[in-house]
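J.: what's the 3D shape of this:
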Amino acid sequence: MVDGSQTNISRLKFSNFKLKTLLDITEAIISNSTVDKLLAQYQDLLENQLNIHKILIYIFQADKWEIIIKTGVNPQDYQNIVPERDFRDISDITITYSSDLFRSFDYVIPVLKDGHPFAYVLIGDLDDVTEGMAPSIKHLNFVQTLSNIIIVSVENHRLMEENMRQERFKKELEMASRMQNMLIPKADLFCGDPNITVAPFYLPHYEVGGDYYDFDYLSSHEMFFCIADVSGKGMSAAILMSNFQASLKALFVPEMDLPTLVSRLNSIVVRNSDGDRFITLFIGRYDFDSHILRYINAGHNAPYLYNYNTGELQTLKKGCTGIGMLDEFIVPPQEGIVELHDNSKLICFTDGVVEMERDGIPDFGENVVQQCAASQSDVENTIKTLLQTLDIQRSNHSVRDDVTLLGIDFHINNQHQ
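T.: Numbers count the residues shown, from 1 in each chain. Just a heads-up that it's a prediction; the model follows:
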């Protein structure tokens with residue numbers, strides 16, 4: 001009779017302990033304790049209240065298995081455990097005495113979320129008896145419940161932080177996109193100028209991109225234009241391109257010749273990218289009075305120059321290797337010079353245009369660009385036809401890269417305006 005009373009008292013004490021423990025844990029979660037504090041509280045309960053002296057916890061997060069608690073264990077206790085393989089068939093509390101792999105532990109306890117294990121608690125070195133408080137088989141369900149509450153809370157913390165991080169990143173991308181759009185010149189910059197018409201188009205693959213175009217007056221009788229493409233996509237490409245644009249704007253003055261400009265830009269890109277990225281560039285300057293177009297093609301897709309009068313189509317290839325590919329150019333950049341005698345059209349483009357595919361047709365994008373360039377349509381209608389024919393829009397999954405087009409009409413004798 002005395003033994004029965006002592007057993008009931010022990011059960012009552014442990015029931016009170018469990019209730020108080022769950023209340024304490026719930027209060028910690030509600031008060032938004034940090035992950036480190038929750039894990040420390042959980043570890044203290046297992047070690048000092050339940051007398052569990054070996055604890056190893058695996059959790060699957062960020063697409064991989066990680067150990068978030070290891071106490072009382074040595075590397076040799078778990079170095080041969082491969083979670084993807086060894087936990088695959090464990091869906092309930094498992095005794096490990098017959099397993100060579102888990103021989104350093106007594107039990108493996110799965111932690112469930114949405115009915116599926118996503119964490120495993122390995123415990124060992126248990127004290128068998130001390131005032132009814134020792135972990136034995138009859139208390140393992142409580143350990144499992146406690147582990148579920150704590151580890152699910154830890155995972156929810158991680159997911160919340162990840163969502164907040166993604167939201168911050170999204171806002172940063174939106175801001176970067178707005179800033180990048182502010183740096184791009186407006187198409188109406190030359191509006192009303194009888195010498196020239198410009199038609200640009202830019203569609204980044206992500207919110208920001210590594211393509212770039214620019215144009216502006218150099219003086220009252222001369223303008224410049226360029227189109228460029230950083231290797232790679234995304235934020236890092238956009239940052240390098242923004243730095244490149246700032247450098248070009250700072251360096252390019254009427255007195256600066258193109259070979260010197262490109263050489264200086266090469267040094268800047270090499271320094272800023274540490275050799276990890278390079279930029280292809282086509283840059284030109286055009287004199288309204290002499291009708292002379294000077295250009296350098298630094299490893300870029302060769303633009304098409306079309307003569308409206310003769311129907312001649314030529315590619316502008318003269319130049320050098322890409323910007324940032326080499327510390328110094330082995331051969332100095334070569335400047336191409338074209339004197340325009342008739343109204344002419346220039347179509348510049350980046351890789352994202354010529355890499356467009358359709359029905360497995362080889363060089364589909366390149367052929368469309370060439371055909372549209374060699375037409376009597378003015379530059380604005382040429383760009384519109386290109387976009388329609390290639391179906392260049394964000395909803396088209398064939399668009400796998402940033403897409404940039406820059407068209408220019410050079411009005412020589414005012415016959416084709």
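J.: pretty sure residue 52 sits against residue 43.
T.: No. At 9.5 Å, residue 52 does not count as touching residue 43 under the criterion of CB atoms under 8 Å. The way it works is simple: take the backbone N, C-alpha and C, and place the C-beta from them, glycine included.
J.: as a check, name the ranges of all helices in this structure.
T.: Using DSSP state H, the helices of the chain run over 2-30, 35-44, 75-78, 83-86, 140-183, 234-251, 258-273, 351-354, 364-373, 379-390.
J.: which one of the ones you listed is the most hemmed in?
T.: Among those, helix 351-354 has the highest mean neighbour count (mean count of other CB atoms under 10 Å), at a mean of 22.
J.: quick check: mean pLDDT of it?
T.: The pLDDT scores in helix 351-354 average 83.
J.: low-confidence stretches in the stretch 251-400 of the chain?
T.: Counting by pLDDT under 70, the stretch 251-400 of the chain shows low-confidence ranges at 359-360, 394-400.
J.: residue ranges for the strands of it, please.
T.: Along the stretch 251-400 of the chain, counting by DSSP state E, counting those that start in this stretch, strands occupy 279-287, 292-298, 304-307, 313-315, 319-320, 336-339, 344-349.
J.: give me whichever of these is most buried.
T.: The highest mean neighbour count among those, using mean count of other CB under 10 Å, belongs to strand 344-349: a mean of 26.
J.: gap between that strand and the chain center?
T.: 32 Å (CA atoms, centre = their mean, to the nearest Å).
J.: same thing with stretch 310-326?
T.: 31 Å.
J.: which one of the helices of the chain lies closest to residue 106?
T.: Each of those has some distance to residue 106 by CB to CB; the shortest is helix 140-183, at 9.6 Å.
J.: that closest one - contacts with which helices or strands?
T.: Counting contacts by 3 or more CB pairs under 8 Å, 6 or more residues apart in numbering; DSSP states H and E, helix 140-183 is packed against helix 2-30, helix 35-44, strand 52-61, strand 107-113, strand 116-126, helix 234-251.
J.: 6 Å instead?
T.: Using 3 or more CB pairs under 6 Å, 6 or more residues apart in numbering; DSSP states H and E, the elements in contact with helix 140-183 are helix 2-30, helix 35-44, strand 107-113.
J.: model confidence over that helix, on average?
T.: Mean predicted lDDT for helix 140-183 stands at 77.
J.: just the angle for it relative to strand 52-61, thanks.
T.: With axes from the mean of the first three to the mean of the last three CA atoms, to 10 degrees defining the directions, helix 140-183 sits at 40 degrees from strand 52-61.
J.: centre of the chain to helix 140-183, how far?
T.: 17 Å.
J.: re the thing from before, adding distance to residue 390, write the strands of the stretch 251-400 of the chain out as JSON lines.
T.: Putting the strands of the stretch 251-400 of the chain into JSON lines (distance: least, CB to CB, whole Å) gives the following:
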{"stretch": "strand 279-287", "distance to residue 390": "20"}
{"stretch": "strand 292-298", "distance to residue 390": "22"}
{"stretch": "strand 304-307", "distance to residue 390": "15"}
{"stretch": "strand 313-315", "distance to residue 390": "19"}
{"stretch": "strand 319-320", "distance to residue 390": "26"}
{"stretch": "strand 336-339", "distance to residue 390": "27"}
{"stretch": "strand 344-349", "distance to residue 390": "10"}
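J.: closest to residue 378 out of those strands?
T.: strand 344-349 (7.4 Å).
J.: neighbouring contacts of that closest one?
T.: 227, 282, 301, 303-307, 369, 373, 379, 405-410 (CB atoms under 6 Å, 6 or more residues apart in numbering).
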